[in-house]
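S.K.: Sequence isn't available, so here's the structure alone:
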């Protein structure tokens, strides 16, 4: 898992929604979401599940780099 790639993916998924809006919907702090988006932290598994459900995307599409699995 590359935290910076994950961060860019999360930013892309968030689109024009605010960090506050998304964080509240997921049940995390705005600062936690900000750290995930900046690639400073990777969410724990239970948070990954909530993020995946919120964006309606499979966990592996958000958090796992496909190139890593091909090598």
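M.R.: Received, thanks. Computed from a prediction, not measured in an experiment: that's the story for all the values here. Residues are numbered from 1 along each chain as shown.

S.K.: low pLDDT regions in the chain?
M.R.: For the chain, the stretches with pLDDT under 70 are 65-71.

S.K.: Geometric centre of it: which residue is closest?
M.R.: Nearest residue to the geometric centre of the chain (CA atoms, centre = their mean): residue 10, 4.3 Å.

S.K.: Secondary structure element for that residue, which one?
M.R.: Assessed by DSSP states H and E, residue 10 sits inside helix 3-14.

S.K.: That helix: what's the following helix or strand?
M.R.: Downstream of helix 3-14 (by DSSP H and E), the next one is helix 19-26.

S.K.: mind listing what residue 25 touches?
M.R.: residue 54 (CB atoms under 8 Å, 6 or more residues apart in numbering). Where C-beta positions appear, they are placed from N, C-alpha and C, glycine not excepted.

S.K.: Residue 37 is in contact with residue 22, correct?
M.R.: No. The pair formed by residue 22 and residue 37 falls short of the contact definition of CB atoms under 8 Å, at 9.5 Å.

S.K.: Name the residues contacting each of these two.
M.R.: residue 14.

S.K.: ok, back up a step: relative orientation of the helix holding residue 10 and helix 19-26 in degrees?
M.R.: 90 degrees (axes from the mean of the first three to the mean of the last three CA atoms, to 10 degrees).
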